[in-house]
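[1] fold the following, please.
(2 chains)
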Amino acid sequence: MITIEHLSKRFHVGTADEKVAVDDVSLHLEQGEFVTVIGSNGAGKSTLLNCIAGVYEADTGRIILDGTDITAMPEYRRSRWIGRVFQDPHMGTAYDMTIEENLAIAYSKNKPLNLARGIRRGEREFFRERLAVLGLGLEDRLQDKVGQLSGGQRQALTLLMATIVRPKLLLLDEHTASLDPVTADKVLQLTTEMVAESKLTTFMVTHNLQDALTAGTRTIMMDKGRIILELAGPEREGMSVEELIALFAAKSGTQLRTDRMLLQ
Amino acid sequence: MSVAALLGALELGLVYAVMALGVFISFRTLNTPDLTVDGSFVLGAAVAAVLISGGGNPYLAILAAFAAGFLAGCVTALLNTKLGIQPLLAGILVMLALYSVNLRIMDGKANIPLIDKPSLYHLFSSLLPEGIDSLACAFLVIVLIVFLLYLFLQTRLGFALRATGDNETMVRASGIDSNKMKLLGLALSNGLVAAAGSMIAQYQSYADVGMGLGMVVIGLASVIIGEVVFGARPLWRRLAAVVLGSVLYRIVIAIALDLGMPATDLKLISAVIVTVALSAGSVRKMLARQAQRLPGK
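    Numbering: from 1, shown residues only, chains lettered A, B, ... in the order given. Take a look at the predicted model:
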């Protein structure tokens, strides 16, 4: 579904702060594959994700999504095929608009932007049904402004918005990192259910090593902009978090370290 | 204050509300205070004055003014999105440039009189008594514009425009070109402001190259007063609040004049009103913090 070939991205080129964020990364995801990505702070996980999303333009390399070369395509244009959930719960929604208006914007992703009614007859009922699946009672709050929702509710809503028009690729950028543990579990559970239901090709950056092993079908470890390890199949299934940390140390020569790495 | 003065303030408030709705689009919907307004207001007045004094139709003059303002807004938006100039500075640049453009349109004259020329506000002069006829006209115009704006903001395009002011990241992630939305928003905003300028020129029977000074502040004052006094939800009420805010602003000004304040102090009053309204939130927080500290906590 998505193929990344020799992708590199540097920041502050030509200055003393020059930094290679992503270094010659190649990666292929089959349709329906769910990859989790871990690594220390500054390993290039989020930069790689943002290159795929189009927030940053890659310096070299190619990104091919379902046969289309999207390497140089503007962010908004490739967003037609890509659903995203961000680390910051404020990033995925318009706070001063209602829940149904937010959903309507997400739902008209591939429709022409014209003077048609923003919410058509029947759509409200559809939004209600989809919101009920989240199990958060949002189906009774269609006309509430998103600014009134909690972080977890917003992330769940953003997840629904990212998938309400089936995306070819779902990008999750540490989307549970700023939530309390109980809410984080709930949002991750919703994520895996939605991914499974629509067989979505998914790329999830996470700081939670346990989540990285339990969710998804493959785990990638990044360090200094490179992919240093890929785990899949029986090897991944039998792996514990402790073994994963040890494996990282052996592969990278450093300790796996982030400012809020969760080990349990 | 006399009834006549109150009616006068009401009428002026309704007429200027068109401009305030334009400011509402850039300030609230796009979340950028756009200073182009001071220039595009005069632009509209200049275009209309030249057309009407040349024998043109006053309604067509309003449409022409809207188109001119629309273009001015496009220039500001392009300076921002294509050349990377900060929105505030882009607005200042276009406002300044428009001063010269407006003088060119007015053929170098600082003032064009429109006395005894046809005007929008004479539409009902054969039906209604003088004074009431122009008020009825101003009322009709603002109802029509609020209604159209309300419908527009509920369309798919309107949703995208509103979301752009809220959260550009979300807009781009939804497959919408946020730069295009900024272009559309600033164009519409300045189109409305210029249309307002053309209406004011007809209302007061002249266009003056200096008539736009401080217009953006008056617009902001109307938007903010409206929100504070009449609330901001739901959408129709929010739009109505802008109109009522504009009327209330004119009443405050009329009272100030009534109390013997010289007309030259009005800009100072406008600036103070907006400052007070904008700082209300942080002052309230400051007071709340102090109140918490006081009772032995």
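
[2] quick one: name the residues of chain A near chain B.
    Contact residues, chain A versus chain B (Cβ under 8 Å from any Cβ of the partner chain): A:53, A:74-77, A:79-80, A:82, A:84, A:86, A:90-97, A:101-102, A:104-106, A:108-119, A:145, A:161-162. For the C-beta atoms, the positions are set from N, CA and C on the backbone; glycine is no exception.

[3] A:Thr3 is in what secondary structure piece?
    strand A:2-11 (DSSP states H and E).

[4] which strands and helices lie in contact with that strand?
    strand A:19-29, helix A:45-53, strand A:60-65 (3 or more Cβ pairs under 8 Å, 6 or more residues apart in numbering or on different chains; DSSP states H and E).

[5] how about low-confidence regions in chain A?
    For chain A, the stretches with pLDDT under 70 are A:257-264.

[6] so it: which segments form each domain?
    Domain assignment for chain A by automatic domain parsing gives A:1-81+A:167-264, A:95-166.

[7] all strands for chain A, in order.
    For chain A, the strands defined by DSSP state E occupy A:2-11, A:19-29, A:34-39, A:60-65, A:68-69, A:82-85, A:169-173, A:202-205, A:218-223, A:226-232.

[8] of those, give the one that comes closest to B:Leu140.
    Closest to B:Leu140 of the strands of chain A, according to Cβ to Cβ: strand A:82-85, at 46.3 Å.

[9] within its sheet, name the partner strands of the closest one and how each one runs.
    strand A:169-173 (parallel) (DSSP bridges).

[10] if I look at the closest residue to chain B within the stretch 51-200 of chain A, how far off is B:Asp265?
    Shortest the stretch 51-200 of chain A-to-chain B distance, computed as Cβ to the nearest Cβ: residue-wise this is A:Ala94, at 3.7 Å. Separation of A:Ala94 from B:Asp265 (Cβ to Cβ, to the nearest Å) stands at 41 Å.

[11] neighbour count winner among these two?
    Neighbours were counted for A:Ala94 and for B:Asp265 using other Cβ atoms under 10 Å in any protein chain shown; A:Ala94 has more, 25 against 11.

[12] quick one, what contacts that one?
    Shown in contact with A:Ala94 (Cβ atoms under 8 Å, 6 or more residues apart in numbering or on different chains): A:Glu101, A:Asn102, A:Ile105, A:Val146, B:Arg162, B:Ala163, B:Asp166, B:Asn167, B:Met170, B:Val171.

[13] for those residues, which two are the farthest from each other?
    The widest separation within these (Cβ to Cβ) is 13.7 Å, between A:Val146 and B:Val171.

[14] partners of the strand holding A:Thr3 in the sheet?
    Short version: by DSSP bridges, strand A:2-11 pairs with strand A:19-29 (antiparallel), strand A:60-65 (antiparallel).

[15] what sits up against stretch A:179-188?
    With Cβ under 8 Å, 6+ apart as the test, stretch A:179-188 has contacts from A:89, A:150-152, A:155-156, A:159, A:175-177, A:208, A:211, A:215.

[16] make a ChimeraX selection of the buried ones in those.
    A single ChimeraX command selects the buried members of those (16 or more other Cβ atoms under 10 Å in any protein chain shown):
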select /A:89,151,152,155,156,159,175,176,177,208,211,215
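
[17] dump the contacts of stretch A:179-188 into JSON lines; add distance to B:Asp116 as well.
    As requested, the contacts of stretch A:179-188 are exported to JSON lines (distance: Cβ to Cβ, whole Å):
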{"residue": "A:Pro89", "distance to B:Asp116": "62"}
{"residue": "A:Ser150", "distance to B:Asp116": "64"}
{"residue": "A:Gly151", "distance to B:Asp116": "64"}
{"residue": "A:Gly152", "distance to B:Asp116": "67"}
{"residue": "A:Gln155", "distance to B:Asp116": "65"}
{"residue": "A:Ala156", "distance to B:Asp116": "66"}
{"residue": "A:Leu159", "distance to B:Asp116": "66"}
{"residue": "A:His175", "distance to B:Asp116": "67"}
{"residue": "A:Thr176", "distance to B:Asp116": "72"}
{"residue": "A:Ala177", "distance to B:Asp116": "70"}
{"residue": "A:Asn208", "distance to B:Asp116": "78"}
{"residue": "A:Asp211", "distance to B:Asp116": "78"}
{"residue": "A:Ala215", "distance to B:Asp116": "78"}
